[in-house]
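Asks: Give me a model of this one.
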Amino acid sequence: MYCRDCARFNEETRECRDKKVNPITWAEAIDVANLLGVRAVCMFNDHRERLVASRLPQATRTPGARP
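Replies: Numbers count the residues shown, from 1 in each chain. Coordinates of the predicted model:
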């Protein structure tokens, strides 16, 4: 989804009202998630679900468990 089509986009300031980022490519999405975390990526971003799914095994791993 393009930011300008979203109801959360503020035309006056030209930025997201929720202060989210909307990376265009998968590589940009990975960089944003590594730097700012997955929560910084817009909920309507095409890559967000894939990012969450790729990080899920890390989040559910028990301490001391080996891959």
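Asks: centroid residue for this structure?
Replies: Val41 (2.3 Å; C-alpha atoms, centre = their mean).
Asks: which residue sits closest to that residue in space, ignoring its chain neighbours?
Replies: Computed as C-beta to C-beta, 6 or more residues apart in numbering, the closest residue to Val41 that is not its neighbour in sequence is Arg48, at 5.0 Å. Where you see a C-beta, it was placed from the backbone N, CA and C, and this is true even at glycine.
Asks: Would you check that that neighbour makes contact with Cys42?
Replies: Yes - the pair Arg48 / Cys42 is scored as a contact, 7.0 Å apart, by C-beta atoms under 8 Å.
Asks: picking up where we left off before, tell me the phi and psi of the residue nearest to the centre of the chain?
Replies: Phi and psi for Val41, reported as degrees, to the nearest 10, are phi -80, psi 140.
Asks: Mind listing the residues bridging to it?
Replies: Val41 has these beta-bridge partners by DSSP bridges: Val21.
Asks: hang on, it packs against Arg55?
Replies: No - counting by C-beta under 8 Å, Arg55 is not a contact partner of Val41; they are 11.2 Å apart.
Asks: Which neighbours do these two have in common?
Replies: Ala33 (C-beta atoms under 8 Å, 6 or more residues apart in numbering).
Asks: residues touching Val32, list them.
Replies: Residues in contact with Val32 (C-beta under 8 Å, 6+ apart) are Val21, Pro23, Ala40, Val41.
Asks: if you set the cut-off to 6 Å instead, what comes out?
Replies: Counting by C-beta atoms under 6 Å, 6 or more residues apart in numbering, Val32 makes contact with Val21, Pro23, Val41.
Asks: Need these in CSV (columns: distance to Ala33).
Replies: What follows is the contacts of Val32, written out as CSV (distance: C-beta to C-beta, whole Å):
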residue, distance to Ala33
Val21, 10
Pro23, 9
Val41, 6
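Asks: what stretches of the chain score poorly on pLDDT?
Replies: 58-67 (pLDDT under 70).
Asks: quick one, strands of it?
Replies: In the chain, the strands defined using DSSP state E lie at 9-10, 15-16.
Asks: closest to Ile30 out of these?
Replies: Ile30 lies closest, by C-beta to C-beta, to one member of the strands of the chain: strand 15-16, at 19.7 Å.
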